[in-house]
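Enquirer: Model the following, please.
(4 chains)
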There are 2 protein chains.
Amino acid sequence: MQAKSDLLAAKRQDTATKTKDNKPRTGQRRSTTRMSAADRRAQILGKAFEFFSEYGLTAQTRALADACGVSQRLLYSAFPNKAALINAVYESDIAGPFKAIWFVQLRDRSVPLEQRLRQFYGEYYDTILTRGWLRLFLYASLAEVEMAPTYIADIIRDLLDIIVEEAAFEAGMTLPDSPELRREMGWVLHGNISHLAIRRHIYNDKTTLPVQRVITMHVAAFLAGVPSMVASID
Amino acid sequence: MQAKSDLLAAKRQDTATKTKDNKPRTGQRRSTTRMSAADRRAQILGKAFEFFSEYGLTAQTRALADACGVSQRLLYSAFPNKAALINAVYESDIAGPFKAIWFVQLRDRSVPLEQRLRQFYGEYYDTILTRGWLRLFLYASLAEVEMAPTYIADIIRDLLDIIVEEAAFEAGMTLPDSPELRREMGWVLHGNISHLAIRRHIYNDKTTLPVQRVITMHVAAFLAGVPSMVASID
DNA sequence: ATCATTTATCGTCGATTGACGATATAGATT
DNA sequence: AATCTATATCGTCAATCGACGATAAATGAT
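Expert: Just a heads-up that it's a prediction; the model follows:
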């Protein structure tokens, strides 16, 4: 029951800004590659995602700068402040990677639904529900940075609606009128896959079962459960 | 996409340790109630749970001391350091509240399984999966304080085994030999209830559906899905 | 080559951090 | 009421924080 280094961290490794006898040295500068403003911004953004997802949104800008191999001051040439940097990370790395084509594929009734769902969640798990994505998402949610409500409202809402509609069609069932209730049914599958990812990546579950096999089981359980769900509602 | 105050926080409200002209005042002490060492320790422990679950494990000891109404120095009379305090919180507030009687009730075959599961998860959701519990659990997991693996290995493991065994008995099915596979089946229900709590408490989902109703749906879906899960495994 | 412009670092500021030595005082015991 | 001791607070330290003004140097245009 102890953190790996201290308690969280992301402390600097004390790079050579000081000499051995701990006196600041004068005049001597680190040699650096010069990049265009846009390139540097992109590089920092990429590192920032890895960095904040690993150490949390409270991690220090100095340590991020070290990870980028640039001075801390330079971060403030690319972004006005720390909060703006974090917002940029959300846009590009949280909401960004979701593929619109998934919506189309999920609705393609020429393919059996079970296969569509297995395919989708296999890709979703590998592409979106990565360790880094989840960590950043959770750090932000805990900090009450409104990442999760936005993501859910913008993207997951539509996803749930599609899944439930397809499942009801396949089962030949009539869905409840309430959109909330319908989406809650969709969460039976989506929530389980999400929680699987949380277990593996965040809780550090050591289960060796291949993910695709587990996903297959979840999809089967969901599809078999749809009629009972509808019945349990009344 | 912005935190409520700053980025996380738990900053001090600047209590009156300094006079208006910002000079430290001398000789004057805050009036306090004196408590026995054990009582004070217990009081700090209680506040520390609320406090760290709200602001994270990186929140400051000064702010915690303010919340307790004592000086920051006093925390270090009750606990040797911050990490020891956090460990004490885990023991008393994360692992502590799980009730051993739940295991007994879950195995009571004189009650229909569906009812046992609804009953158990209703109580589990209200007692364990609270906002505070979840927040602390997640903060700790993200900080790689080994809270989740310990909790899962010590408690949830047994819970999953019981649930799956009871479900298989009710369905008259033979379970797979692999313990990992059996537990993964149990996660289909347990993970969904856990994720429901994460959605409501952490992601701040505004769905108004009563929790007990949703739990009922999850239990129904799980029980209906058991045969398909077993079938999907081969 | 000279110079202008952009890209970079240095060095520092004021506010916080966890930790703890020095010291005051409430409350029990006598 | 004098004394003692456990229970408090004060005040400070060294290390970090986010932020930014001052300044150096790499690059491209002429």
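Enquirer: What helix or strand is the most centrally placed residue in chain A located in?
Expert: Chain A has A:Trp133 as the residue nearest its centroid, 2.4 Å off, counting by C-alpha atoms, centre = their mean. Element membership of A:Trp133 [criterion: DSSP states H and E] is helix A:131-142.
Enquirer: residue ranges with poor pLDDT in chain A?
Expert: A:1-32 (pLDDT under 70).
Enquirer: Go again with 50.
Expert: A:2-8, A:14-27 (pLDDT under 50).
Enquirer: All the helices of it, residue numbers only.
Expert: Ranges of helices in chain A, per DSSP state H, are A:37-55, A:61-68, A:72-78, A:82-89, A:101-106, A:113-127, A:131-142, A:148-151, A:157-171, A:179-197, A:211-233.
Enquirer: Now render these as JSON lines, adding distance to chain B.
Expert: For glycine as for every other residue, the C-beta is placed from the backbone atoms N, C-alpha and C. Shown next, in JSON lines, are the helices of chain A (distance: least, C-beta to the nearest C-beta, whole Å):
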{"stretch": "helix A:37-55", "distance to chain B": "9"}
{"stretch": "helix A:61-68", "distance to chain B": "11"}
{"stretch": "helix A:72-78", "distance to chain B": "15"}
{"stretch": "helix A:82-89", "distance to chain B": "5"}
{"stretch": "helix A:101-106", "distance to chain B": "20"}
{"stretch": "helix A:113-127", "distance to chain B": "9"}
{"stretch": "helix A:131-142", "distance to chain B": "5"}
{"stretch": "helix A:148-151", "distance to chain B": "4"}
{"stretch": "helix A:157-171", "distance to chain B": "11"}
{"stretch": "helix A:179-197", "distance to chain B": "4"}
{"stretch": "helix A:211-233", "distance to chain B": "3"}
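Enquirer: Save these as a markdown table, and put in distance to B:Ser194 too.
Expert: Shown next, in a markdown table, are the helices of chain A (distance: least, C-beta to C-beta, whole Å):
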| stretch | distance to B:Ser194 |
| --- | --- |
| helix A:37-55 | 21 |
| helix A:61-68 | 32 |
| helix A:72-78 | 37 |
| helix A:82-89 | 27 |
| helix A:101-106 | 25 |
| helix A:113-127 | 17 |
| helix A:131-142 | 13 |
| helix A:148-151 | 16 |
| helix A:157-171 | 18 |
| helix A:179-197 | 6 |
| helix A:211-233 | 14 |
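Enquirer: Turn those into a markdown table, including distance to DNA strand C.
Expert: Conversion of the helices of chain A to a markdown table gives the following (distance: least, C-beta to the nearest atom of the strand, whole Å):
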| stretch | distance to DNA strand C |
| --- | --- |
| helix A:37-55 | 4 |
| helix A:61-68 | 7 |
| helix A:72-78 | 3 |
| helix A:82-89 | 13 |
| helix A:101-106 | 35 |
| helix A:113-127 | 31 |
| helix A:131-142 | 16 |
| helix A:148-151 | 24 |
| helix A:157-171 | 36 |
| helix A:179-197 | 31 |
| helix A:211-233 | 38 |
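Enquirer: by contact count, what packs against the helix holding A:Trp133?
Expert: Helices and strands touching helix A:131-142, by 3 or more C-beta pairs under 8 Å, 6 or more residues apart in numbering or on different chains; DSSP states H and E, are helix A:37-55, helix A:148-151, helix B:131-142.
Enquirer: Next, the buried residues of that helix.
Expert: For helix A:131-142, a neighbour-count test (16 or more other C-beta atoms under 10 Å in any protein chain shown) marks A:133-142 as buried.
Enquirer: likewise stretch A:169-184?
Expert: Buried, per 16+ other C-beta under 10 Å, within stretch A:169-184: A:171, A:175-176, A:181-184.
Enquirer: now do stretch A:227-234
Expert: Going by 16+ other C-beta under 10 Å, stretch A:227-234 has these buried residues: A:227-230, A:232-233.
Enquirer: for stretch A:202-221, same thing?
Expert: Buried-residue list, stretch A:202-221, by 16+ other C-beta under 10 Å: A:202-203, A:205, A:211, A:214-221.
Enquirer: got the contact list for it?
Expert: Stretch A:202-221 has contacts (C-beta atoms under 8 Å, 6 or more residues apart in numbering or on different chains) with A:114, A:117-118, A:121-122, A:125, A:131, A:134-135, A:138, A:189, A:192-193, A:196, A:199-200, B:138, B:141-142, B:144, B:146, B:148-149, B:152, B:180-181, B:183-185, B:188, B:221-222, B:225-226, B:228-229, B:231-233.
Enquirer: measure that stretch end to end?
Expert: Terminal residues of stretch A:202-221 lie 24 Å apart, using C-alpha to C-alpha, to the nearest Å.
Enquirer: Equivalent analysis for stretch A:150-160, please.
Expert: 15 Å.
Enquirer: So which residues make contact with it?
Expert: Contacts of stretch A:150-160 (C-beta under 8 Å, 6+ apart): A:94-95, A:98, A:102-103, A:106, A:137, A:182-183, A:186-187, A:190, B:1, B:203, B:205.
Enquirer: now do 7 Å
Expert: For stretch A:150-160, contacts defined as C-beta atoms under 7 Å, 6 or more residues apart in numbering or on different chains pick out A:94-95, A:98, A:103, A:183, A:186-187, A:190, B:1, B:203, B:205.
Enquirer: any chance of those in CSV, with distance to A:Ala48 too?
Expert: Shown next, in CSV, are the contacts of stretch A:150-160 (distance: C-beta to C-beta, whole Å):
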residue, distance to A:Ala48
A:Ile94, 12
A:Ala95, 15
A:Phe98, 20
A:Phe103, 29
A:Arg183, 33
A:Gly186, 32
A:Trp187, 31
A:His190, 28
B:Met1, 15
B:Tyr203, 23
B:Asp205, 27
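Enquirer: how about the helices and strands packed on helix A:131-142 in CSV, adding distance to A:Gly69?
Expert: Shown next, in CSV, are the helices and strands packed on helix A:131-142 (distance: least, C-beta to C-beta, whole Å):
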stretch, distance to A:Gly69
helix A:37-55, 9
helix A:148-151, 31
helix B:131-142, 26
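Enquirer: between the ones you listed, which one is nearest to DNA strand D?
Expert: helix A:37-55 (9.8 Å; C-beta to the nearest atom of the strand).
Enquirer: Could you give the separation of that closest one from the chain centroid?
Expert: 15 Å (C-alpha atoms, centre = their mean, to the nearest Å).
Enquirer: again, but for stretch A:149-156
Expert: On C-alpha atoms, centre = their mean, the centre of stretch A:149-156 falls 12 Å from that of its chain.
Enquirer: Also stretch A:109-121?
Expert: Centre to centre, stretch against its chain (C-alpha atoms, centre = their mean), the figure for stretch A:109-121 is 23 Å.
Enquirer: before we move on, back to that, among the buried residues of stretch A:202-221, which ones lie close to DNA strand D?
Expert: Among these, not one lies near DNA strand D by C-beta under 7 Å from any atom of the strand.
Enquirer: Select, from those, the two members most distant in space.
Expert: A:Ile202 and A:Ala220 (25.1 Å; C-beta to C-beta).
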